[in-house]
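*Asks:* Just a sequence and a predicted model for now, questions to come.
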Amino acid sequence: MANPNVAVIRDFLAAIDAWDFDGMRERLHATDFRYSLPYKPDWVPGELEGREAYLDFARQWSEAIEGGENLHDISIHALEDDPNTVVAFYKNEMTLVASGYLYKNDLVCRFRLRDAVITEFEERLDTTPLVLATGGSISPPAVAQS
């Protein structure tokens, strides 16, 4: 039997990709929701408490890109020993409005659900492509010569 939580996450990612804020809202817990982005540039929030805080963040992000996030190569799996924990692997590809640069990344996300509603969303990604797509740069440290 398929885990219904996998379908919840598939629908949530489809809502993100379509900027369907009502669809996102209906899949996020009304009073007990937390979003985290542990590896991030300084100018991106690392943790948001509450469904509305996350939806405000998503609205701001939707205005910063042209069209949708173009999520693809999606693979979603519930943990065997904890069916309320779901892991999703996917890619995105979008153009940022401010820079006009293409932003592509591979993401690994962990979701926790209770009663088929998302209570936690942790997003992990390589921040280098994001920094470069916003027009930033990354400089390697100087290496001492002996």
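*Replies:* Arrived safely.
*Asks:* any low-confidence regions in this structure?
*Replies:* Filtered on pLDDT under 70, the chain yields the residue ranges 1, 144-146.
*Asks:* All the strands of it, residue numbers only.
*Replies:* Under the criterion DSSP state E, strands of the chain are mapped to 34-36, 47-49, 65-66, 72-78, 85-96, 102-114, 117-125.
*Asks:* between those, which one is nearest to Trp19?
*Replies:* Relative to Trp19, the nearest member of those by Cβ to Cβ is strand 65-66, separated by 9.5 Å. (C-beta placed from N, C-alpha, C; glycine too.)
*Asks:* Report all helices and strands that that closest one contacts.
*Replies:* strand 85-96 (3 or more Cβ pairs under 8 Å, 6 or more residues apart in numbering; DSSP states H and E).
*Asks:* Extract the C-alpha set from the strand it packs on and format it as CSV.
*Replies:* Taking C-alpha atoms only, strand 85-96 is exported to CSV below (Å, rounded to 0.1, in the frame of the first residue of the first chain):
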residue,chain,number,x,y,z
THR,A,85,9.0,11.4,7.6
VAL,A,86,9.2,11.9,3.8
VAL,A,87,12.3,12.8,1.8
ALA,A,88,12.1,14.4,-1.6
PHE,A,89,14.9,14.8,-4.2
TYR,A,90,14.3,17.2,-7.1
LYS,A,91,15.9,19.8,-9.3
ASN,A,92,14.8,23.3,-10.2
GLU,A,93,15.6,25.6,-13.1
MET,A,94,14.5,29.2,-13.2
THR,A,95,15.6,32.7,-14.2
LEU,A,96,16.0,35.4,-11.5
